[in-house]
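Trainee: Just to be clear, the model below is a prediction. Sequence and coordinates:
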Amino acid sequence: MNTVNKLIASVLASSALLAATIPTSIAATDNNDFNVSVTLSSQCKATNSGTTTVDFGTYTAFQAGAATGTPVNLTFDCTRGFSPSSVAFDTVNGTAAGVGVLQGLQYTLTAGAPSSVAGTAASTISIGTADAKTYNVTGTMPADQAGDCATATCGPTSHVRTLIVTF
């Protein structure tokens, strides 16, 4: 081996040794803390689709017994752990107490205490579900009413009522 080749071999060996002792990259980490914040406004929202019907069926003028309407269940999805403070009926015929008149026949609506089904908590893999509050709405129509009808039968007649949930 001649001197030039020895010199080249020596330089290459020195370069390889130097490359092996110098790290090619230096890994390091650091962190920085931050806050995640939210303000939640609790609420309830109606979930029934369409209009359900408290149906009194056929009422015969001056009938001896009161008529009972078919009950309906009205459901509201509420923020988990949150309950409405009160419920009321909309104002019809000048009153908001659940009293109304159809075809000259007075009726009274009542909303019972809600039944509740607890929702599920949110997690990193699901959004969770609401607490369901269901109100059973019943109706009665007193006996011995005359009604308003100029023919042998009238109706059926209906109007839309609203259950108002305050929270």
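Mentor: Sure thing, it's come through.
Trainee: quick check: mean pLDDT across the helix or strand containing residue 140?
Mentor: Taking DSSP states H and E as the definition, one finds residue 140 inside strand 131-141. Predicted confidence along strand 131-141 averages 96 (mean pLDDT).
Trainee: So which bits of it are buried?
Mentor: For strand 131-141, the neighbour count (16 or more other CB atoms under 10 Å) marks 131-133, 135, 137-141 as buried. Yep, even glycine has a C-beta here, placed from its N, CA and C like the rest.
Trainee: can you redo these as JSON lines with distance to residue 87?
Mentor: Shown next, in JSON lines, are the buried residues of strand 131-141 (distance: CB to CB, whole Å):
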{"residue": "131", "distance to residue 87": "15"}
{"residue": "132", "distance to residue 87": "15"}
{"residue": "133", "distance to residue 87": "9"}
{"residue": "135", "distance to residue 87": "6"}
{"residue": "137", "distance to residue 87": "9"}
{"residue": "138", "distance to residue 87": "13"}
{"residue": "139", "distance to residue 87": "15"}
{"residue": "140", "distance to residue 87": "18"}
{"residue": "141", "distance to residue 87": "21"}
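Trainee: farthest-separated two in those?
Mentor: The two members of the buried residues of strand 131-141 with the most space between them (CB to CB) are 131 and 141, at 33.4 Å.
Trainee: returning to that earlier point: with respect to residue 64, which of the buried residues of strand 131-141 is nearest?
Mentor: With CB to CB as the yardstick, the closest approach to residue 64 among those comes from residue 141, at 12.8 Å.
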